[in-house]
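Novice: Sequence and predicted structure below; questions after.
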Amino acid sequence: MSGAALQSPRELLAARGELGPDVIAVRCGGRIVDLHTGVPGDSEVRPIRRGDPDGLEIIRHSTSHVMAQAVQRLFPGTQVTIGPAIEHGFYYDFSPPEGVKFTDQDLGRIEDEMRRLMKADLPFRREVLPREDVRALFGKMGERFKLELVDAIPEGREISIYRQGDAADPGGDWLDLCSGPHVPSTRHLGVVKLTSVAGAYWRGDERNPMLQRIYGTAFATEADLKAHLQMLEEARARDHRKLGKELELFLFDESAPAMPFFLPRGAFVYNQLVAYVRDLYQEHGYQEVITPQIFHPSLFETSGHLQNYRENMYFPATSEDLAGTPAEGAEPVHVQKPMNCPSHCLIFGQRRRSYRELPWRIADFGRLHRFERGGVVHGLTRVRSFSQDDAHIFCAPEQLRDEALAFNRLLFEVYRAFGFEHLEVKLALRPERRVGDDALWDTAENTLRGVLQESGLTFEELPGEGAFYGPKVEFHVKDAIGRSWQLGTIQLDYALPERFDLEFVGADGKSRRPVMLHRAILGSLERFLGIYIEHVAGKFPVWLAPEQVILVTVSENQVEYARRVQSELRAAGLRVELDDGPDKLGAKIRSARLRRVPFVGVIGEKEAQAGAIAPKGSDGKDLGAMPVAEFQSRLLALARPPRAGAAGG
Ligand SMILES: [Zn+2]
Ligand SMILES: [Zn+2]
């Protein structure tokens, strides 16, 4: 620690002659600090300029303050809550006065007001104040949400506010409770675009008041903004909730909120995913088990879920359970599983196991139920009922490295098969609250770190973000339009084997404790499907598509022949539909394309005479007429799930 007196980076840079007009913050140690916030006077500071990637988040968060100022000017009586920068932009949650509802039309007006404020070059100023002064300030302004936030700040923590505007001009000054960082003045902000209005519960809890959230984005340049807006438009067109309806893949119903119903086409794709993973399991030495849904609470008490995961669990009851009036706060009689791990520990511990049985890899596609608040569920990507490509590996500590390496290889193979080429890897390290001593954590973290290095991966370390039972690796993929999604994970666990008192007999005849790896590649299959539908814009590849070809006839003269082609292709194991209806050819092709079927097989008189077919790809590309047998063998090659080392696909 430095004993030097605090100085603002503004002063430090000015003294060195480095305070250029485009400097908006500094990098100081590992932190990004704005020009207002004191750092030890002997700190090493490196300027961040407007337009640097590091500056974007500051610009966005500062823009959210300006938006809140604009909203309060245009809609007096509106109360403010929070306004963070998020990936691709920012939002601010407002509580407008009774009867005021922000509309898309309001966004333009708010943007105009924001541009006026930005042009006025209003300086941001940071003030650190005693808690009571801050309470008095927001109390006087009638900002009750802010008061709640102030009260939630732990005792002893510094409380700061940021002001922007002209202090001399009454009403021209705007302030917010905030720890920063912020740009020096509003002229440093970039181009802004407000994108949407949505409802959001205060603190994400549906028991709290409903607020109105305005989303926006800001970029340093007009060109960056344009590229982003194009991406958003593309994302809307690919929205899996919309495609799920149009392509009849799944639906949601009030009778089971946030639990998807898969329709035949969606269930087909879902089952193909499972079959694909099952095949890989066969090859990679996994065995599958099937375990119950509803348990006596003791198993989940042993695992610690009942103590640590309770608010996400369902507690089913029988009529017998309900007949006795349970006392207030009584323990549940049954629990529904939110995870498979406890069952797998139970199976491992059922009999004496020898070191020769390890590593023991146990997979389970069992359905899981986790209660998620109404405010956070979203389409297929966050649901309350799902299953995972979940497996647990029980092994000796010295086998960890090889197991983790093998897992990484398998994961890459799977991601490549789905066309996810760009991967981000994060290593989450020991959190403050944890089980096990430091030596154990050192070994665990070094093992995972070494495995990632050996796999040739660059990765980011996230101190403090590991699970309480061990460090974990998270795998994030980039989809076709550049968005990042977390899919797979591998987690090292010393705690569960301990809690379940699991043992195996070592080569020396002595009892030893196994280590457990929790691992998933696709993660929740529901969530994966949601992400994948958007990745491929609903166009499933041949091996996953519910229908691989639709045959369309030019006139009814070819129906006989088309039926023969259909049964021939079906006999070869292909999924073929026939549209022999009265519509015109163009209409039939359009409707097949709307269903995103990979191939349309056109059959006219010429094809019928020649024993041929004229296929078109889903992109409309003509493949030219070819013998049915040739089309069949091309399709069969595409119908095989892509495998490592296999050509084509
Ligand atoms: Zn702020
Ligand atoms: Zn697990």
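Specialist: Arrived safely, thanks for sending. Ligands and ions are numbered 1, 2, ... in the order given.

Novice: if I pick the residue positioned nearest the centre of the chain, what's in contact with it?
Specialist: In the chain, the residue lying closest to the centroid (C-alpha atoms, centre = their mean) is Trp485, at 4.3 Å. By C-beta atoms under 8 Å, 6 or more residues apart in numbering, the contact set of Trp485 is 476-477, 479, 531. Just so you know, the C-beta spots here come from the backbone N, C-alpha and C atoms, and that holds for glycine as well.

Novice: where does the residue in the stretch 151-300 of the chain positioned nearest to ligand 2 land in three-state SS?
Specialist: Closest approach between the stretch 151-300 of the chain and ligand 2, counting by C-beta to the ion: Thr291, at 12.0 Å. Three-state assignment for Thr291 (DSSP: H, G, I helix; E, B strand; the rest coil): coil.

Novice: Could you pull up the contacting residues of it?
Specialist: Contact analysis of Thr291 by C-beta under 8 Å, 6+ apart lists 337, 340, 343-344, 347, 364, 366.

Novice: one more time with 6 Å
Specialist: Listed by C-beta atoms under 6 Å, 6 or more residues apart in numbering, the contact set of Thr291 reads 343, 366.

Novice: The one 4 residues further on now?
Specialist: Counting by C-beta under 6 Å, 6+ apart, Phe295 touches Val335.

Novice: again, but for the one 4 residues further on
Specialist: With C-beta under 6 Å, 6+ apart as the criterion, the residues that contact Leu299 are Pro342.

Novice: what about it, is that helix, strand or coil?
Specialist: Classification of Leu299 by three-state DSSP places it in helix.

Novice: pLDDT wise, what is it at?
Specialist: Looking at Leu299, its pLDDT is 96.

Novice: Quick check: it vs Asp321, distance?
Specialist: As for Leu299, its distance to Asp321 is 17 Å (criterion: C-beta to C-beta, to the nearest Å).

Novice: Please apply the same query to Gln566.
Specialist: Computed as C-beta to C-beta, the Gln566 to Asp321 distance reads 54 Å.

Novice: next one: Pro184
Specialist: Distance from Pro184 to Asp321, by C-beta to C-beta: 63 Å.

Novice: and what of Ala5?
Specialist: Applying C-beta to C-beta, the value for Ala5 to Asp321 is 66 Å.

Novice: same question, Glu577
Specialist: 49 Å.

Novice: Give me the more crowded residue out of the two.
Specialist: Neighbour totals were compared for Glu577 and Asp321, and Glu577 leads with 17 against 13 (other C-beta atoms under 10 Å).

Novice: who touches the lowest-mean-pLDDT helix or strand in the chain?
Specialist: Least confident helix or strand of the chain, by mean pLDDT, DSSP states H and E, is helix 319-323 with a mean of 82. Contacts of helix 319-323 from elsewhere in the structure, counted by C-beta under 6 Å, 6+ apart, are Val333.

Novice: swap the cut-off to 10 Å and go again
Specialist: 315, 317, 332-334 (C-beta atoms under 10 Å, 6 or more residues apart in numbering).

Novice: what helix or strand does the residue nearest to the centre of the chain sit in?
Specialist: Per DSSP states H and E, Trp485 falls inside strand 484-493.

Novice: Check whether that strand comes near ligand 2.
Specialist: No. Contact of strand 484-493 with ligand 2 (C-beta under 5 Å from the ion) is absent, the minimum separation being 7.3 Å.

Novice: and that strand, which strands flank it?
Specialist: strand 472-478 (antiparallel), strand 515-524 (antiparallel) (DSSP bridges).

Novice: residue of the stretch 301-450 of the chain with the smallest distance to ligand 2?
Specialist: Closest to ligand 2 within the stretch 301-450 of the chain is Cys341: 3.4 Å, counting by C-beta to the ion.

Novice: Can you pull the residues of the stretch 251-400 of the chain lying near ligand 2?
Specialist: So the stretch 251-400 of the chain meets ligand 2 at Cys341 (C-beta under 5 Å from the ion).

Novice: so which of the strands paired with strand 484-493 comes closest to Leu358?
Specialist: The closest of the strands paired with strand 484-493 to Leu358 is strand 515-524. By C-beta to C-beta, the value is 9.7 Å.

Novice: Any residue of the closest one touching ligand 2?
Specialist: Yes. Strand 515-524 is in contact with ligand 2 by C-beta under 5 Å from the ion, via His518.

Novice: elements contacting the very next helix or strand once past that strand?
Specialist: Note on strand 515-524: by DSSP H and E, the next helix or strand toward the C-terminus is helix 525-535. For helix 525-535, the packing partners by 3 or more C-beta pairs under 10 Å, 6 or more residues apart in numbering; DSSP states H and E come out as helix 222-238, helix 240-246, strand 250-251, helix 264-283, strand 385-395, strand 472-478, strand 484-493, strand 515-524.

Novice: quick check: mean pLDDT across helix 525-535?
Specialist: For helix 525-535, mean pLDDT rounds to 98.

Novice: With stretch 461-468 instead?
Specialist: Rounded mean pLDDT across stretch 461-468 is 90.

Novice: And that stretch, what's buried?
Specialist: Counting neighbours by 16 or more other C-beta atoms under 10 Å, one finds that the buried residues in stretch 461-468 are 466-467.

Novice: what sits up against that stretch?
Specialist: Residues contacting stretch 461-468 (C-beta under 10 Å, 6+ apart): 304, 308, 426-436, 441, 444-445, 448-449, 452, 471-474, 489, 491-493, 495, 518.

Novice: measure stretch 548-560 end to end?
Specialist: The straight-line separation of the ends of stretch 548-560 (C-alpha to C-alpha, to the nearest Å) is 21 Å.

Novice: again, but for stretch 545-560
Specialist: End-to-end span of stretch 545-560 (C-alpha to C-alpha): 26 Å.
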